[in-house]
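Peer 1: whatever this is, show me its structure:
(4 chains)
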There are 2 protein chains.
Amino acid sequence: MAADQSSVWLRAERAEMGRPARRSRAEITAAALDIADRDGLDAVSMRRVAAELGTGAASLYRYVETREELLDLMADAVGGEHPLPAPTGDWLADLLAIGERSRALMRAHPWLPGLVITHPVLGPNGVALLEHALTVLAPHPADVATKLEAFAMMNGISALFAQHELSGGSALQQRNAAFLHHAAASGEHPRLAQLLSQGPAGPASPADDYRPEDRYATVLTRILTGLLGPAPDPADR
Amino acid sequence: MAADQSSVWLRAERAEMGRPARRSRAEITAAALDIADRDGLDAVSMRRVAAELGTGAASLYRYVETREELLDLMADAVGGEHPLPAPTGDWLADLLAIGERSRALMRAHPWLPGLVITHPVLGPNGVALLEHALTVLAPHPADVATKLEAFAMMNGISALFAQHELSGGSALQQRNAAFLHHAAASGEHPRLAQLLSQGPAGPASPADDYRPEDRYATVLTRILTGLLGPAPDPADR
DNA sequence: GATACTTCGCGTACATCGTTCGCAAACTAG
DNA sequence: CTAGTTTGCGAACGATGTACGCGAAGTATC
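Peer 2: Numbers count the residues shown, from 1 in each chain, chains lettered A, B, ... in the order given. Here you go, the predicted model:
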């Protein structure tokens, strides 16, 4: 009644009176994470999560107001897997470390990129990470808006790269490749045709020796130095 | 039977024998676009689209194999709103023009960013745009993989910025702001607290005079020049 | 220990969703 | 006119997110 449009984390998890709750948000979130990692985000249905916990579907609504809130909990939960070491003094290196970790997390949880991009939510672990980034950037002279922008961009780029790697699943890639070859063969797209004819051997992917992981750190560095000031190493590239 | 795992665009739209189809893919796609622009992507249900066309839901499956295919058609359809002018000789300017147009399109269709990021599909308009980008970059010395990467990054960044602007709807923003203030007030996040106390006037958003649209061209320029070579204008910034 | 009060677990139900099936209607080819 | 082929679509199936209501399980007060 009093918790209508507030975030999940501002609502008390359990009441202090009456019958005590048998489960916790963390427990439910963990079950949902398991399912998502195993069978994808669409498989995270209320009934399925409940079944995983050996309970009824309606019970989950004692812990969570909607399914979307459960997804919020999931996103913030993996955000908690970020180590937050003391700043080294080199803000770029510290930010890059966050970026690398982000990418590793998104690889481990392939449903994460799409979630954080379409539904960016701030939970306890999210604000902790944000505070960490601001701490790392504390000695930096830029104004706060710029720092926030840089942090947001870094997260976005991480999600973008991760999503680009898995690229919507092999089924989609196959359909895209099929149409690409057709378009190239039609004669109306000479540059594409040339690209595919002299391209890498396999017909499966138009550029399957193209490895975005090698480019990730480079791109991230350039963006961060671009947004936050001159590069510390001018001998770059 | 023969069109099982191929893209929509490789299947003939209509058969040349038998009863002629009453509607077209374009017509159905247009109806779906209308609904999405008006009530969001979730409102694009088969029944709703069918109702918009004054037909039965099951009829749509004569034109499209699944709902996802309809979404693919929608994404490629707005891709068709890209003008593809002759290259001016200045590849950066030409690419930036594409980027600006992308952003305008995503603003006009708020459901687009999420769709293209989580489900990047290649249709006729997509390959036309890709061919255009390759044409624009034809005189550029970089290898094809780099050019493809730059193009992909540009599209991704466009979606990222657009998504950042609308940021998941005002409901989410309000929830995030509420929790942010709580976190700042808890005393465990001094930098956040400082940010919010000396921040912009309104309590609605933590940084509501922060305007990503002013930064868009700048960031895009930096990324493109970073990926594709030295900036043509060294007096930049 | 009995009573009042509060919260939890969850069976049941409902609306809506994507999709399949099967048949009548509508058209083309011969 | 007949045979062949494709379309339109009502009806139905299974799965989904969620609301309701009630019995069970606790705590607080006496």
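Peer 1: contacts, neighbours, all on C-alpha from now
Peer 2: OK.
Peer 1: low pLDDT regions in chain A?
Peer 2: A:1-5, A:199-214, A:230-237 (pLDDT under 70).
Peer 1: tell me which parts of it are close to DNA strand C?
Peer 2: Neighbours of DNA strand C within chain A, by C-alpha under 7 Å from any atom of the strand: A:14-23, A:54-59, A:61-62.
Peer 1: can you pull out the helices in chain A?
Peer 2: A:25-39, A:46-53, A:67-79, A:91-108, A:112-118, A:124-136, A:144-166, A:169-185, A:190-197, A:212-228 (DSSP state H).
Peer 1: just say which of those is most tucked in.
Peer 2: Per residue and on average, the most neighbours among those fall to helix A:112-118, with a mean of 22 (mean count of other C-alpha atoms under 10 Å in any protein chain shown).
Peer 1: what's that helix packed up against?
Peer 2: helix A:67-79, helix A:144-166, helix B:112-118, helix B:144-166 (3 or more C-alpha pairs under 8 Å, 6 or more residues apart in numbering or on different chains; DSSP states H and E).
Peer 1: ok, now with 7 Å
Peer 2: Under the contact criterion of 3 or more C-alpha pairs under 7 Å, 6 or more residues apart in numbering or on different chains; DSSP states H and E, helix A:112-118 touches helix A:144-166.
Peer 1: do you know how far A:Ala177 is from chain B?
Peer 2: 8 Å (C-alpha to the nearest C-alpha, to the nearest Å).
Peer 1: and if you look at A:Val127?
Peer 2: 7 Å.
Peer 1: am I right that A:Arg25 is in contact with A:Tyr61?
Peer 2: No: applying C-alpha atoms under 7 Å, one finds A:Arg25 not in contact with A:Tyr61, separated by 10.6 Å.
Peer 1: list the contacts of the one residue sitting closest to the centre of chain A.
Peer 2: In chain A, the C-alpha nearest the mean C-alpha coordinate belongs to A:Pro113, at 3.4 Å (C-alpha atoms, centre = their mean). A:Pro113 makes contact with A:106, A:159, A:162-163, according to C-alpha atoms under 7 Å, 6 or more residues apart in numbering or on different chains.
Peer 1: tabulate those (a markdown table), appending distance to DNA strand D.
Peer 2: As requested, the contacts of A:Pro113 are arranged in a markdown table below (distance: C-alpha to the nearest atom of the strand, whole Å):
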| residue | distance to DNA strand D |
| --- | --- |
| A:Met106 | 22 |
| A:Ala159 | 23 |
| A:Ala162 | 25 |
| A:Gln163 | 23 |
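Peer 1: with respect to DNA strand C, which of those residues is nearest?
Peer 2: Set against DNA strand C, the nearest of the contacts of A:Pro113 by C-alpha to the nearest atom of the strand is A:Gln163 (22.2 Å).
Peer 1: from chain B, how far off is that closest one?
Peer 2: In terms of C-alpha to the nearest C-alpha, A:Gln163 sits 7 Å off from chain B.
Peer 1: chain neighbours aside, what residue packs nearest to that residue?
Peer 2: Spatial nearest neighbour of A:Gln163, chain neighbours left out: A:Pro113 (6.0 Å); criterion: C-alpha to C-alpha, 6 or more residues apart in numbering or on different chains.
Peer 1: and chain A, which residues reach DNA strand D?
Peer 2: A:16-20, A:43-48, A:57-58, A:65-68.
Peer 1: grab the nearest non-local neighbour of A:Leu70.
Peer 2: A:Val64 (6.3 Å).
Peer 1: just checking, that neighbour touches A:Asp72?
Peer 2: No: with contact defined as C-alpha under 7 Å, A:Val64 does not count as touching A:Asp72 (10.1 Å).
Peer 1: could I get the phi/psi values of A:Pro20?
Peer 2: phi -70, psi 150 (degrees, to the nearest 10).
Peer 1: so how many other residues sit close to the residue nearest to it when sequence neighbours are not counted?
Peer 2: Leaving aside its sequence neighbours, A:Pro20 sits nearest to A:Arg14 (C-alpha to C-alpha, 6+ apart; 7.6 Å). Using other C-alpha atoms under 10 Å in any protein chain shown, A:Arg14 has 15 other residues around it.
Peer 1: can you check the one 10 residues further on too?
Peer 2: Neighbourhood size, A:Ser24 [other C-alpha under 10 Å]: 14.
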